[in-house]
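*Asks:* Sharing a model that was predicted from the sequence below.
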Amino acid sequence: MIRGRANKKRQKRKSARGPLMMLAGLLLASAAIRLGAGAGEALARVSETADVDVSALASAPSQSCQTPPDIAELLNAFAAREARIQSAEASISDRMQALEVADREVSRKLAELRAAEDQLRTTLAYAETAAESDLDRLTKVYESMKPKQAAALFEQMDPNFAAGFLGRMRPEAAAGVMANLSPAAAHSFSVVLAGRNANAPTE
């Protein structure tokens with residue numbers, strides 16, 4: 001009895017599955033047909049509009065990338081700052097070149113001044129030597145003259161000039177000249193000679 005009931009249940013299940021399977025198959029077939037039809041329409045629409053879209057893209061003007069206003073402002077500020085820096089660097093470079101030129105010119109002038117100073121020093125030394133030689137020679141000439149003749153010449157000289165020669169002469173020659181001078185000339189020459197030695201150190 002139990003087996004008979006089980007067999008009846010199985011038969012009922014099999015009989016129920018048949019229509020269900022058939023219904024499922026019909027639904028699947030309908031879906032496939034719809035999908036195929038939709039895909040065909042879509043492909044047809046794409047093929048119809050493909051030429052239009054391509055031609056539209058070909059004829060459409062190219063659009064450049066638009067920079068946001070704040071970024072564009074920053075870029076402009078950076079460009080202006082870069083221009084100012086380049087201008088400042090060019091100005092500094094020009095100044096450095098001018099300073100180098102001025103430095104070379106100053107060095108050249110200093111070299112010329114040193115050369116002129118050396119030449120002047122040499123000339124002065126030569127002039128002093130020549131003047132000293134001339135004074136020695138003239139002093140010897142006065143010393144070799146007779147005291148009376150030398151005194152007549154000294155009377156005509158400026159007291160400072162004459163006293164300078166008397167101070168360079170040998171004492172005995174200077175004494176002979178002084179003895180033949182007038183009292184006024186001898187006094188003035190003596191005052192000059194004494195004044196020259198007044199500031200001489202005594203110690």
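*Replies:* Looks like it arrived, so ask away.

*Asks:* Skip ahead from the host helix or strand of residue 26 and say which helix or strand is next.
*Replies:* According to DSSP states H and E, residue 26 maps onto helix 2-59. Remark: after helix 2-59, the chain's next helix or strand is helix 69-144, criterion DSSP H and E.

*Asks:* I'd like to know how many residues surround residue 139.
*Replies:* Neighbourhood size, residue 139 [other Cβ atoms under 10 Å]: 19. Bear in mind the C-beta positions are built from the backbone N, C-alpha and C, glycine included.

*Asks:* That one against residue 167, yeah?
*Replies:* No. Counting by Cβ atoms under 8 Å, residue 139 sits too far from residue 167 to count as a contact (9.5 Å).

*Asks:* Would you mark the buried spots in stretch 175-184?
*Replies:* For stretch 175-184, a neighbour-count test (16 or more other Cβ atoms under 10 Å) marks 176-178, 180-181 as buried.

*Asks:* if we look at it, which residues are touching it?
*Replies:* Stretch 175-184 has contacts (Cβ atoms under 8 Å, 6 or more residues apart in numbering) with 142, 147-148, 150-152, 154-155, 166, 169, 186, 189-190.

*Asks:* If we only consider these, which is nearest to residue 84?
*Replies:* Nearest to residue 84 among the contacts of stretch 175-184 is residue 166, at 82.0 Å by Cβ to Cβ.

*Asks:* Look up the closest residue to the closest one, ignoring the ones flanking it.
*Replies:* Counting by Cβ to Cβ, 6 or more residues apart in numbering, residue 166 lies nearest to residue 174, which is 4.8 Å off, once chain neighbours are set aside.

*Asks:* Now for the one you found, how many residues are close by?
*Replies:* 22.

*Asks:* Likewise for residue 151?
*Replies:* Count around residue 151 with other Cβ under 10 Å applied: 21.

*Asks:* need the contact list for it.
*Replies:* Contacts of residue 151 (Cβ under 8 Å, 6+ apart): 177-181.

*Asks:* 7 Å instead?
*Replies:* 177, 180-181 (Cβ atoms under 7 Å, 6 or more residues apart in numbering).

*Asks:* Just send those residues back as CSV, with secondary structure too.
*Replies:* Output for those, formatted as CSV (DSSP: H, G, I helix; E, B strand; the rest coil):
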residue, secondary structure
177, helix
180, coil
181, coil
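
*Asks:* so which of those would you say is closest to residue 75?
*Replies:* Taking these together and measuring to residue 75 by Cβ to Cβ, the closest member is residue 177, at 102.6 Å.

*Asks:* Quick check, residue 173 in contact with residue 143.
*Replies:* Yes. Counting by Cβ atoms under 7 Å, residue 143 is a contact partner of residue 173 at 4.2 Å.

*Asks:* Now do residue 190 against residue 147, distance only.
*Replies:* Between residue 190 and residue 147 the computed distance is 16 Å (Cβ to Cβ, to the nearest Å).

*Asks:* the more surrounded of these two?
*Replies:* Between residue 190 and residue 147, counted using other Cβ under 10 Å, the more crowded position is residue 147 (20 against 15).

*Asks:* Identify the residues contacting the more buried one.
*Replies:* Neighbours of residue 147 in contact, by Cβ under 7 Å, 6+ apart: 176-177, 179-180.
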